[in-house]
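Visitor: Mind folding the following:
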Amino acid sequence: MDFAGKPIALARIELKYVEPSPVPGASAAPVAVGKPPASPLVTKTNKKGLWTYGGLESGVWEVTALADGYLPVSRRCTVSQVWTKSLVLLEAEKKPTQP
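Guide: Residues are numbered from 1 along each chain as shown. Next comes the predicted model:
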């Protein structure tokens, strides 16, 4: 959505795997269970500005939204197989107009 709260339809969403999630209280370093994708996973927002992507590996993911007329915006999020749904709010800023 933009800073005015307006949904941005058909924005490109890229998901890049960053690292496995740490386990609280564990002494060993976290290890990825599956093989993370080498290139970003891609989806688009619907007309309400919402998107979903199922089957993500637990860990930290960088979510980037790209849309015409807006500056790209990214946020790192933790995905867990325990949590079935999470909300990631990305607020995009309009690109400055060229004089």
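Visitor: the strands in this structure, which residues?
Guide: 12-19, 41-44, 59-66, 73-79 (DSSP state E).
Visitor: mind putting those in a markdown table, distance to residue 96 and mean neighbour count included?
Guide: For every residue, glycine as well, the C-beta is placed using N, CA and C. Below are the strands of the chain laid out as a markdown table (distance: least, CB to CB, whole Å; neighbours: other CB atoms under 10 Å):
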| stretch | distance to residue 96 | mean neighbour count |
| --- | --- | --- |
| strand 12-19 | 20 | 17 |
| strand 41-44 | 25 | 14 |
| strand 59-66 | 17 | 19 |
| strand 73-79 | 15 | 14 |
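Visitor: Would you reformat the ones you listed as JSON lines and include distance to residue 2 and mean pLDDT?
Guide: As requested, the strands of the chain are arranged in JSON lines below (distance: least, CB to CB, whole Å; pLDDT from 0 to 100):
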{"stretch": "strand 12-19", "distance to residue 2": "15", "mean pLDDT": "91"}
{"stretch": "strand 41-44", "distance to residue 2": "16", "mean pLDDT": "94"}
{"stretch": "strand 59-66", "distance to residue 2": "11", "mean pLDDT": "91"}
{"stretch": "strand 73-79", "distance to residue 2": "10", "mean pLDDT": "90"}
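Visitor: So for residue 89, which of those strands sits nearest?
Guide: Residue 89 lies closest, by CB to CB, to one member of the strands of the chain: strand 73-79, at 8.1 Å.
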